[in-house]
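# Sharing a model that was predicted from the sequence below.
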Amino acid sequence: MGLRFYFLRQALLNMKRNVTVHILSLGTIVASLLILGAFLLLFGNLSNWLRQWGTALSMSVYLKDGTSAYKRDKIDSFIRGLPGAQIRRFISKEDAMNELKAALREEAGFLERLTHNPLPASYEVVFEASRTEEIDPEKIKQQLEALDGVEEVQHNRQWLKRLEGVLDVVSLIGYIIGGLLCLCVVFIVTNTIKLTIYSRRDEIEILKLVGATDWFIKLPFLLEGMMQGILGGGLAILALFLGYLAFSAKKIYLIGPAPLEFVFLPVGYVAIVFFLSTVLGIIGSFIAIGRFFDV
Amino acid sequence: MIQLFHVSKNFGPSIALNTIDIKIAKGEFVFVTGPSGAGKTTLLRLIFGAEKPATGHILINAINLNRISRSKLDLLRRKIGFVFQDFKLLPKKTVFENVAIALEVTGFRPKVVKKKTHQTLRLVGLAEKEKAYPLSLSGGEQQRVAIARAIVKDPLILLADEPTGNLDPDLTREIMTLFKNIHQRGTTVVIATHSRQLLEGTDCRTIVLNQGNISGDTR
């Protein structure tokens, strides 16, 4: 019992004696883990959103210019006859232009120079989530495009495949960046522990001379690295959570009916970040005591 | 207790010890003397296991240092106290902490560490200076802290390298009395010194080294 406290006390004393080095390295570890955590947060939310978006089905049905009211009624009735379909709204050419102007804000000036409105009128159609499994969007798209007055039909699942491809690339980049950041954490911890070892070399020599075993001397340094990892991981998660709170109040709408709700990392991910930082701390100090411990 | 068989040690081309044989029995009080560079410090460091001999064997309490593992050597060192010429005290630790360190490494419970450290500091006359830092102490007091650290674990062997080298005659007497007291408790004491004053009138065994050879032994 006493010995365990001795190791812990030594590790804490080491940190206290080299407080500046430890604060600097802790800051860098937190920054690295924060980047990693932020990536996980964004990636997790994007995947989540894509999943939600993939289960919901929505379509935009663009009409040809000059489509008569009679043809529109026929299109309208056809859509209402589709299983689980609901017309969320009809966007006239004027509404489309107004929305574009609102979206472009100050840059909308060039639209005034247009001699005619090039934007088509369209229907925004959503399907009940419970019935999306029985619907083949490609088939409906073909049926709708065969109707007189329909220019083009786009549905969100066309985009989904492309976005999934993008997400795969993003995740690969994430793994590479994550790996580099982990190496960075190990490097920082190794150097911090190396500095601590140098600052205590006289004490280490004396400990050896009075009969301390290698592990008796090494253990506080390992604990020190582990504590750096634990503190770094904890602070990074806290900072990430505070950052998340700033965003969490907002619901972000992209195309489609599913709003991008920002959720925090699942408990499992938080545990992984924490565990990873602790392990990286231990690995860093292990390397340091292996390479720079020479008594 | 300490046996050296045909032990040689050289540092590059310079020969520190030249095929020497020494036997020191349990409970002996031995001076190792000779001029500077005679090999006194090397001899103590070899006995302590801080250096390896180029040839020959060293047995401490029947354990051959040539065949001992690193971890076993650490454990053996717990039975040997060493008083260094330069004291080797930690300036940022108090007198108490400097002495207690020798017990902490052996895994004693904190209560025992406290008790034994207090006792030892009382024995060397430093009970009042427990909380002081080494640099605030006189040379003699620092030497006594170094001795306290060496004896706190009740070693079988006490090695001291020029323990009175920097002390005035009064302090030298004081320190020597301390070594005699430790010896009376049954510890084998080996003191390396080049001080003639220390050896005058002594009836203790004296080994004289000269250029790495034994030139005299009063045994």
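Okay, I see it.
# chain center to stretch A:265-282: distance?
In terms of CA atoms, centre = their mean, to the nearest Å, the centre of stretch A:265-282 is found 16 Å from the chain centre.
# in it, what counts as buried?
A:265, A:269, A:270, A:273, A:274, A:276, A:277, A:278, A:279, A:280, A:281, A:282 (16 or more other CB atoms under 10 Å in any protein chain shown). The C-beta positions use only the backbone N, C-alpha and C, and glycine is treated the same way.
# Up against chain A, what does chain B have?
Residues of chain B lying close to chain A (CB under 8 Å from any CB of the partner chain) are B:48, B:50, B:70-71, B:74-78, B:80, B:82, B:84, B:88, B:90, B:92, B:101-102, B:104-110, B:113, B:149, B:153.
# 7 Å - rerun?
B:71, B:74-75, B:77-78, B:82, B:88, B:90, B:101-102, B:104-107, B:109-110, B:149 (CB under 7 Å from any CB of the partner chain).
# For the chain, which helix or strand comes out least confident on mean pLDDT?
Going with chain A. Lowest mean confidence among the helices and strands of chain A (mean pLDDT, DSSP states H and E): strand A:251-253, at a mean of 55.
# I was after chain B.
Result, chain B / mean pLDDT, DSSP H and E: helix B:196-199, a mean of 80.
# What is that one packed up against?
If you count contacts as 3 or more CB pairs under 7 Å, 6 or more residues apart in numbering or on different chains; DSSP states H and E, helix B:196-199 packs onto helix B:169-184.
# So for the helix it packs on, what gets flagged as buried?
B:171, B:172, B:174, B:175, B:176, B:178, B:179, B:182, B:183.
# now swap in stretch B:205-219 and tell me
Here stretch B:205-219 shows B:205, B:206, B:207, B:208, B:209, B:212, B:214 as buried, counting by 16+ other CB under 10 Å.
# helix, strand or coil for the fourth one?
Translated: residue B:208. Three-state assignment for residue B:208 (DSSP: H, G, I helix; E, B strand; the rest coil): strand.
# wait, what's in contact with it?
B:33, B:34, B:215, B:216 (CB atoms under 7 Å, 6 or more residues apart in numbering or on different chains).
# rerun at 8 Å
Residues near residue B:208 by CB atoms under 8 Å, 6 or more residues apart in numbering or on different chains: B:33, B:34, B:214, B:215, B:216, B:217.
# Which single one of the residues you listed is nearest to residue B:187?
Minimum distance to residue B:187 across these is 20.0 Å, recorded for residue B:33 (CB to CB).
# Tell me the bridge partners for the closest one.
Bridge pairing for residue B:33 (DSSP bridges) gives the partners residue B:193, residue B:208.
# And for residue B:159?
residue B:82, residue B:190.
# Repeat that for residue A:150.
residue A:63.
# quick one: contacts for the residue in the stretch 51-200 of chain A that chain B sits nearest to?
Of all residues in the stretch 51-200 of chain A, residue A:200 sits closest to chain B, at 9.4 Å by CB to the nearest CB. By CB under 8 Å, 6+ apart, residue A:200 lies in contact with A:14, A:17.
# can we see that at 10 Å?
A:10, A:13, A:14, A:17, A:18, A:206, A:207, A:217, A:220, A:221, B:90, B:92 (CB atoms under 10 Å, 6 or more residues apart in numbering or on different chains).
# check which helix or strand covers the most centrally placed residue in chain A.
Centroid-nearest residue in chain A, with CA atoms, centre = their mean: residue A:42, separated by 1.4 Å. Under the criterion of DSSP states H and E, residue A:42 resides in helix A:19-55.
# before we move on, what about residue A:168?
Going by DSSP H and E, residue A:168 is in helix A:156-199.
# for residue B:17, same thing?
Going by DSSP H and E, residue B:17 is part of strand B:14-24.
# Could you give the number of residues near residue A:247?
12 (other CB atoms under 10 Å in any protein chain shown).
# Give me the phi and psi angles of the closest residue to it other than its chain neighbours.
In space, and not counting its chain neighbours, residue A:247 is closest to residue A:262: 4.9 Å by CB to CB, 6 or more residues apart in numbering or on different chains. Main-chain dihedrals, residue A:262, degrees, to the nearest 10: phi -90, psi 110.
# I'd like to know how far residue A:262 sits from residue A:244.
Per CB to CB, to the nearest Å, residue A:262 is found 7 Å from residue A:244.
# Overlap in contacts, the two.
With CB under 10 Å, 6+ apart as the test, residue A:262 and residue A:244 both reach A:41, A:45.
# Please tell me I have it right and residue B:198 contacts residue B:176.
Yes: taking contacts as CB atoms under 10 Å, residue B:198 lies within contact range of residue B:176: 6.8 Å.
# relative to helix A:19-55, how tilted is the helix or strand where residue A:229 lies?
Applying DSSP H and E as the criterion places residue A:229 in helix A:214-248. Orientation check (axes from the mean of the first three to the mean of the last three CA atoms, to 10 degrees): helix A:214-248 against helix A:19-55 gives 50 degrees.
# so who does the residue nearest to the spatial centre of chain B touch?
The centre of chain B sits closest to residue B:159, judged by CA atoms, centre = their mean, with a distance of 1.9 Å. Residue B:159 sits next to B:2, B:32, B:43-45, B:47-48, B:80-84, B:150, B:188-192 when contact means CB under 10 Å, 6+ apart.
# Please enumerate the helices of chain B.
B:40-48, B:70-77, B:95-104, B:110-123, B:139-151, B:169-184, B:196-199 (DSSP state H).
# how about those, which one is nearest residue A:106?
helix B:95-104 (70.6 Å).
# Show me how far that closest one is from its chain's centre.
On CA atoms, centre = their mean, the centre of helix B:95-104 falls 17 Å from that of its chain.
# Over to stretch A:134-148?
Counting by CA atoms, centre = their mean, stretch A:134-148 comes out at 35 Å from the chain centroid.
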